[in-house]
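Visitor: sequence plus predicted model, see below.
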Amino acid sequence: MIRIVLVIVVYVLSQVSYSQTKFEQGMEKAFKLMTENKNDEASNMLERIASAEPMNWLPPYHIALLKARTSFMMTDKTKQEAQIKLAEDYIATADALSPNNSEVYVVKAMINVAKIASNPMVNGAALSEPTMKLYRQAIALDKTNPRAQSGLIEFEMGGARFFKQDLTPYCKRLKATLKTYDDFKPASKYAPKWGKDWTLQVLKGCGDTATKQEEAPTSTTTAAPATAAAGVTITATVPNVSGTSGDVIFALYDSSEAFAARAPIATSKTSIANGSAQAVFKDVQSGTYAIVVLHDLNGNERMDFEPTGMPKEDYGASNNKMRMGPPSFADAKFTVENKSLDLTIKF
């Protein structure tokens, strides 16, 4: 009888050891695939592990994180939305398996950021405060979690950066999270420990972007470029201005350098009529341009910000490719040739 019991014990222990080894082997392979940018293969591997380890929160967590990250790189909106939905489903599973988990709340916030990036016009205003709330909840659940701290700061920086609000306070706070990353002790071998490399990349941009907030253009009439070719007109219309307060300021840029420096070649401040505002830039020469528009609600001719750093006033850019954070000249640019243009820019 003793021999039988010993055999059973040895068998059970060997099966546990085997199971743990298979789990570790699978996780190691999945992580290696991710480092090789083989994201679909990594996701498939993690899904198999999740099926084999249905009570372990880490596989669905890593699947959700991977799908949220890869959604930012997608250009097909349908595929992007499907990817974000999968991320939501997997993080919900992780949340059910590990309630009140700070790391899970960080990924929930990241999924919101992905939604904002995929459709800023619809999701920007609606999800900004809920996203910050998720980051704050993650910090409250674990004050040592560096991903929660840096994630909140980076999100707050998004709106401030485009309008060149002073980023110095954000950069100082973000730099302080580096020590938190160094001091952080993961709960297990496969527990979350990502984030520091990305934070270091963000900090590289702090040196030349932490400048004082600049005022928006103040001209009340349209000025044409000095070297303009007569006859070419750009008419820019914002059809969805909220309310009747304030003015709408249009700024025309002729290069990526001018766009980055907020040095427009022409500006126009217009009133609002029936929820719409319009500016006309006359005698524009052939070339590549971009337009940025601001709804100046209080007449101070500058963008106003919430205490969190998020914009309080609506803004938009030509081509309507607004993303989380500043739009680029590449996103907003359009070409002027030998005929006039009518552009619609939405807030």
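Guide: It's in. Numbering: from 1, shown residues only.
Visitor: list the buried ones in stretch 239-247?
Guide: Residues 241, 246-247 are the ones in stretch 239-247 that count as buried (16 or more other C-beta atoms under 10 Å). C-beta coordinates here come from the backbone N, C-alpha and C atoms, glycine included.
Visitor: actually, stretch 277-288.
Guide: For stretch 277-288, burial by neighbour count (16+ other C-beta under 10 Å) applies to 277-279, 281-284, 287.
Visitor: redo those as a markdown table? Include pLDDT, secondary structure and distance to Glu24.
Guide: Formatted as a markdown table, the buried residues of stretch 277-288 follow (pLDDT from 0 to 100; DSSP: H, G, I helix; E, B strand; the rest coil; distance: C-beta to C-beta, whole Å):
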| residue | pLDDT | secondary structure | distance to Glu24 |
| --- | --- | --- | --- |
| Ala277 | 95 | strand | 60 |
| Gln278 | 96 | strand | 63 |
| Ala279 | 96 | strand | 62 |
| Phe281 | 94 | strand | 63 |
| Lys282 | 92 | coil | 69 |
| Asp283 | 89 | coil | 69 |
| Val284 | 92 | coil | 63 |
| Gly287 | 91 | strand | 59 |
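Visitor: restricted to helices, list the buried residues of stretch 239-247.
Guide: Judged by DSSP state H, helices contain none of the buried residues of stretch 239-247.
Visitor: and Ser268, how far is that from Ile249?
Guide: 7 Å (C-beta to C-beta, to the nearest Å).
Visitor: now render the buried residues of stretch 239-247 as TSV, adding pLDDT.
Guide: Below are these laid out as TSV (pLDDT from 0 to 100):
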residue	pLDDT
Val241	92
Gly246	92
Asp247	93
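Visitor: just the residues you listed now: which is nearest Lys321?
Guide: For these, the residue nearest Lys321 by C-beta to C-beta is Val241; the value is 19.5 Å.
Visitor: need phi/psi at the closest one.
Guide: Main-chain dihedrals, Val241, degrees, to the nearest 10: phi -70, psi 130.
Visitor: on that earlier part again, show me which of the buried residues of stretch 277-288 is closest to Leu134.
Guide: For those, the nearest to Leu134 is Ala277 (34.6 Å; C-beta to C-beta).
Visitor: not counting sequence-adjacent ones, nearest residue to the closest one?
Guide: Spatial nearest neighbour of Ala277, chain neighbours left out: Val248 (3.6 Å); criterion: C-beta to C-beta, 6 or more residues apart in numbering.
Visitor: so the one you found touches Thr270, yeah?
Guide: Yes - using C-beta atoms under 8 Å, Val248 is in contact with Thr270, at 5.4 Å.
Visitor: which residues do these two both contact?
Guide: Common neighbours of Val248 and Thr270 (criterion: C-beta atoms under 8 Å, 6 or more residues apart in numbering): 277, 279.
Visitor: in the stretch 101-250 of the chain, which spans are helices?
Guide: Under the criterion DSSP state H, counting those that start in this stretch, the stretch 101-250 of the chain contains helices at 102-118, 120-141, 146-162, 168-183, 196-204, 206-209.
Visitor: between these, which one is nearest to Glu301?
Guide: In terms of C-beta to C-beta, the element of those nearest to Glu301 is helix 146-162, at 16.5 Å.
Visitor: so for that closest one, what's the average pLDDT?
Guide: For helix 146-162, mean pLDDT rounds to 84.
Visitor: also stretch 40-49?
Guide: For stretch 40-49, mean pLDDT rounds to 95.
Visitor: in the stretch 201-347 of the chain, where is pLDDT below threshold?
Guide: Counting by pLDDT under 70, the ranges of the stretch 201-347 of the chain that qualify are 207-231, 261, 305-310, 322-326.
Visitor: so which residues of it form strands?
Guide: 234-238, 247-253, 266-270, 277-281, 287-296, 315-317, 334-336, 341-344 (DSSP state E, counting those that start in this stretch).
Visitor: with distance to Leu33 added, can I get these in TSV?
Guide: Shown next, in TSV, are those (distance: least, C-beta to C-beta, whole Å):
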stretch	distance to Leu33
strand 234-238	46
strand 247-253	42
strand 266-270	51
strand 277-281	50
strand 287-296	39
strand 315-317	37
strand 334-336	40
strand 341-344	44
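Visitor: closest one to Ser71 among those?
Guide: strand 315-317 (22.0 Å).
Visitor: for that closest one, name the packing helices and strands.
Guide: Other elements packing on strand 315-317 under the criterion 3 or more C-beta pairs under 8 Å, 6 or more residues apart in numbering; DSSP states H and E are strand 287-296.
Visitor: so what touches the strand it packs on?
Guide: For strand 287-296, contacts defined as C-beta under 8 Å, 6+ apart pick out 216, 234, 236, 238, 241-242, 246-255, 259, 264, 269, 277, 302-303, 313-318, 327, 329, 332-336, 343, 345, 347.
Visitor: how far does that strand sit from the chain's center?
Guide: Centre-to-centre, strand 287-296 and its host chain are 21 Å apart (C-alpha atoms, centre = their mean, to the nearest Å).
Visitor: same question for stretch 312-332.
Guide: Its chain's C-alpha centre and that of stretch 312-332 lie 13 Å apart, by C-alpha atoms, centre = their mean.
Visitor: quick one: end-to-end distance for that stretch.
Guide: End-to-end distance for stretch 312-332: 22 Å, by C-alpha to C-alpha, to the nearest Å.
Visitor: could you do stretch 183-201 as well?
Guide: 19 Å.
Visitor: would you mark the buried spots in that stretch?
Guide: 184, 190, 192, 195-196, 199.
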